[in-house]
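Engineer: Turn this into a structure:
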Amino acid sequence: MSEPNGGTEETGRLRVDLGYRGTDFHGWATQPGLRTVQGELEAALALILRRPVRVTVAGRTDAGVHARRQTIHLDLVPGEARRLVGSRAERTPAEGLLARLRGVLRARDARDIVIHSAAEVPSSFDARFAAIWRSYTYRLADEDSFLDPLLVPCTTVVRGRLDAAAMASAAGELLGLHDFLPFCKPRPDATTIRTLRGLEVGRDASGVIVTRLRADAFCHHMVRALIGGLVKVGSGAWPVTRPAELLALAEAGVPAGEPMYVMEPHGLVLEAVGYPEESAWAAQGERARAKRRLD
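Structural biologist: So this is what the prediction gives:
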């Protein structure tokens, strides 16, 4: 995108980083008659740009799931960058969008969405396909935890006491490239093969069990189902070896024989999305669009 006063500006792509409290949203994706994060954002952008707007997101979140840092991109059409700058020649289109988007969301009383930043990016940036990892946390409070009332909206409460050490031991066996079918709700023509780069379980200073996960991507329900499996281990319902055994069965083509145990959504937070250097965006996009394989 050229300088707004350079005379040749036509179109451009903008990256927007944001966060949201998922409590009052029916998830990320637009749904008729329901309040969603995408719906609120696109309605606000439509008011600013005076046309229907579709954004691309790094990863959809389910109803009730929160995001500390989420990433989207949108494309401007001819003339919009200049309108975003307006009479303030020192302001960039991204700065103009940032100020207006924050203002419109406040006016719409969408205070559970926070816009962190906006930046102009080349068309090789794709919020979804250029990403190389996503990280999440999940908070669990058991009888050994201090339940902070201010954090209740993002903490799942379980009865009894969980063995966090056993959960951590089971988690360590799940790292790497696997078919996570036993912990995913499969979608047509979509793979359940993922690379789990980090899965750590431990108690924080208040005794709450915090699980930190990082992967190249997560399939539908994967995070909450993994946590569910670890909770079964922590409660003694499963042996420590069971989650890894389920992955081995899936990779051998053997049905798991038991349903997923999917945890409640409100304990889950999308913490961040990672991207490579700009020079690698296009190549990463091509890799991400290719179907994953185990070999």
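Engineer: Could you use CA atoms for every contact and neighbour count after this?
Structural biologist: Noted.
Engineer: how deep is residue 269 tucked in, by neighbour count?
Structural biologist: Counted with other Cα atoms under 10 Å, residues neighbouring residue 269 total 26.
Engineer: The closest residue to it other than its chain neighbours: how many residues sit nearby?
Structural biologist: Nearest non-adjacent residue to residue 269, counting by Cα to Cα, 6 or more residues apart in numbering: residue 66, 4.7 Å away. Using other Cα under 10 Å, residue 66 has 28 other residues around it.
Engineer: What of residue 144?
Structural biologist: 14.
Engineer: Show me where this protein has its helices.
Structural biologist: For the chain, the helices defined by DSSP state H cover 37-49, 80-85, 93-107, 164-172, 222-235, 242-251, 281-289.
Engineer: how about those helices in a markdown table, adding mean pLDDT?
Structural biologist: Formatted as a markdown table, the helices of the chain follow (pLDDT from 0 to 100):
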| stretch | mean pLDDT |
| --- | --- |
| helix 37-49 | 98 |
| helix 80-85 | 91 |
| helix 93-107 | 97 |
| helix 164-172 | 98 |
| helix 222-235 | 98 |
| helix 242-251 | 95 |
| helix 281-289 | 95 |
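Engineer: picking that back up, in terms of contact, does the residue nearest to residue 269 touch residue 155 like I think?
Structural biologist: No: at 11.0 Å, residue 66 does not count as touching residue 155 under the criterion of Cα atoms under 8 Å.
Engineer: quick one: common contacting residues for these two?
Structural biologist: Common contacts of residue 66 and residue 155 (Cα atoms under 8 Å, 6 or more residues apart in numbering): 266, 268.
Engineer: how about the strands of the stretch 101-250 of the chain, start to end?
Structural biologist: 113-121, 133-141, 156-157, 176-179, 193-203, 209-215 (DSSP state E, counting those that start in this stretch).
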